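Engineer: pasting the structure only:
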Ligand code: 13P
Ligand code: SF4
């Protein structure tokens, strides 16, 4: 079952010294990356960014897959949707989104009056790129001839244009719930074929999948998981639903990124295999030192385009600002708001928050 996500508030804290950063990142066992010199550089950049945040009336939202040093300047850490909702609710006039482009766009759609900037506009997403709005409308119209009640459910990993032609959005934590609640039996599920397959196995509704996938999760193979499990019989395997079906069959839990974090904290198990992008396992290694986390992960090159220098420069220059037309924003907001309405009608919504 997919858990409700957990947004993490990074409480006001003293800035860490280079030595403290070295100790924190030491848990990652990446001595070539986090050297004493690098930690001194990070310390200086963090201080500079904190000053700029004050000056620019800005807040930094960071996705769970970001580099460890980005969490040192983040005000909130969470999954794509939690962060977008948070962006709408905060008082600051500028949001710096440390994540990928569709996430920053979602924040802009939900808070069009705010300035939303992303430190590197090349930080895209292979999944979001796989669905084009015109092709989607053409496919829906074609399918409508056979299934008159067909509705489009889009994962939030889509462009604003795709959201604008979508009936209801969903996330990795509420996809099944949304499909169950939408008032149609036939659903065109866009763009992730793996998430579509997972949902399809757990519902009686008819799911027609778009032909897209995430290049990161799609690379992970079941043999890796079997090899790890054979060597460690008490291992709990936790996988993201963007993984292939043969990988998900090996998992004990299928969870969103924030669901994985909560599970790792709450589970009685001591050893976990984290099957998703590597930033998440790094984060768990640093934050839950009493448990052991093994990796069956791949890096997302887009997420890793966001750096502290880029974040500092974004605050200094206001680059790259997300710009969307009012028409696209309004239409796309409708599909997100319908998701909130449907997911609020059962239990905690995507904004449940837990202070760190
Ligand atoms: P979450 O919404 O679960 O954080 O996932 C976003 C994503 O891009 C996963 O690859
Ligand atoms: Fe997109 Fe995959 Fe990267 Fe997530 S991990 S941002 S779905 S390319």
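Structural biologist: In hand now; what should we look at? Note that the structure is a prediction, hence the values are computed from the model and not measured. Numbering: from 1, shown residues only. Ligands and ions are numbered 1, 2, ... in the order given.

Engineer: Could you check what's spatially nearest to residue 250, not counting adjacent residues?
Structural biologist: Nearest non-adjacent residue to residue 250, counting by Cβ to Cβ, 6 or more residues apart in numbering: residue 225, 4.3 Å away. In this view, the C-beta of every residue, glycine as well, is placed from N, C-alpha and C.

Engineer: Over to residue 203?
Structural biologist: Excluding its sequence neighbours, the residue lying closest to residue 203 (Cβ to Cβ, 6+ apart) is residue 179, at 5.5 Å.

Engineer: right, and that neighbour touches residue 205 too?
Structural biologist: Yes. Between residue 179 and residue 205 there is a contact under Cβ atoms under 8 Å: 5.7 Å.

Engineer: In three-state terms, label residue 154 for me.
Structural biologist: Using DSSP: H, G, I helix; E, B strand; the rest coil, the structure places residue 154 in strand.

Engineer: Just give the number of residues close to residue 291.
Structural biologist: 16 (other Cβ atoms under 10 Å).

Engineer: Doesn't the residue nearest to residue 203 belong to a helix?
Structural biologist: Yes. Residue 179 forms part of a helix when assessed by three-state DSSP.

Engineer: what's around it, how many residues?
Structural biologist: 23.

Engineer: go on, the one 3 residues further on?
Structural biologist: For residue 182, the tally of surrounding residues (other Cβ under 10 Å) stands at 20.

Engineer: now do the one 10 residues further on
Structural biologist: Applying other Cβ under 10 Å, we find 30 other residues in the vicinity of residue 192.

Engineer: Any idea what it is bridged to?
Structural biologist: residue 212 (DSSP bridges).

Engineer: So it sits against residue 212, correct?
Structural biologist: Yes. With contact defined as Cβ under 8 Å, residue 192 reaches residue 212; the gap is 5.9 Å.

Engineer: In the stretch 1-150 of the chain, what residue spans correspond to strands?
Structural biologist: With DSSP state E, counting those that start in this stretch, the ranges of strands along the stretch 1-150 of the chain come out as 7-9, 58-63, 76-78, 94-98, 115-117.

Engineer: Tell me the spacing between residue 91 and ligand 1.
Structural biologist: Per Cβ to the nearest ligand atom, to the nearest Å, residue 91 is found 25 Å from ligand 1.

Engineer: So which bits of the stretch 151-300 of the chain are right by ligand 2?
Structural biologist: 157, 214-216, 242, 277, 300 (Cβ under 6 Å from any ligand atom).

Engineer: same thing but at 8 Å, please
Structural biologist: 157, 192, 214-217, 242, 276-277, 300 (Cβ under 8 Å from any ligand atom).

Engineer: Can you add pLDDT, distance to ligand 1 and secondary structure and give those residues back as TSV?
Structural biologist: TSV is the format used below for these (pLDDT from 0 to 100; distance: Cβ to the nearest ligand atom, whole Å; DSSP: H, G, I helix; E, B strand; the rest coil):
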residue	pLDDT	distance to ligand 1	secondary structure
157	97	5	coil
192	98	9	strand
214	97	5	coil
215	96	10	helix
216	97	6	helix
217	97	6	helix
242	97	5	coil
276	97	7	coil
277	96	6	strand
300	98	7	coil
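
Engineer: can you give me the helices for the stretch 101-250 of the chain?
Structural biologist: 101-110, 126-129, 133-144, 160-164, 175-181, 193-201, 215-218, 222-231, 245-248 (DSSP state H, counting those that start in this stretch).

Engineer: Show me what the third one is packed against.
Structural biologist: Contact analysis of helix 133-144 by 3 or more Cβ pairs under 8 Å, 6 or more residues apart in numbering; DSSP states H and E lists helix 160-164, strand 186-190 as its packing neighbours.

Engineer: same thing with the first one?
Structural biologist: Packed against helix 101-110 by the contact rule (3+ Cβ pairs under 8 Å, 6+ apart) you find helix 80-89, strand 94-98, strand 115-117, helix 160-164, helix 326-344.

Engineer: TSV for those, including mean pLDDT, distance to residue 287 and mean neighbour count?
Structural biologist: Converted to TSV, the helices and strands packed on helix 101-110 look like this (pLDDT from 0 to 100; distance: least, Cβ to Cβ, whole Å; neighbours: other Cβ atoms under 10 Å):
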stretch	mean pLDDT	distance to residue 287	mean neighbour count
helix 80-89	83	17	24
strand 94-98	97	17	27
strand 115-117	97	27	22
helix 160-164	98	32	23
helix 326-344	93	26	18
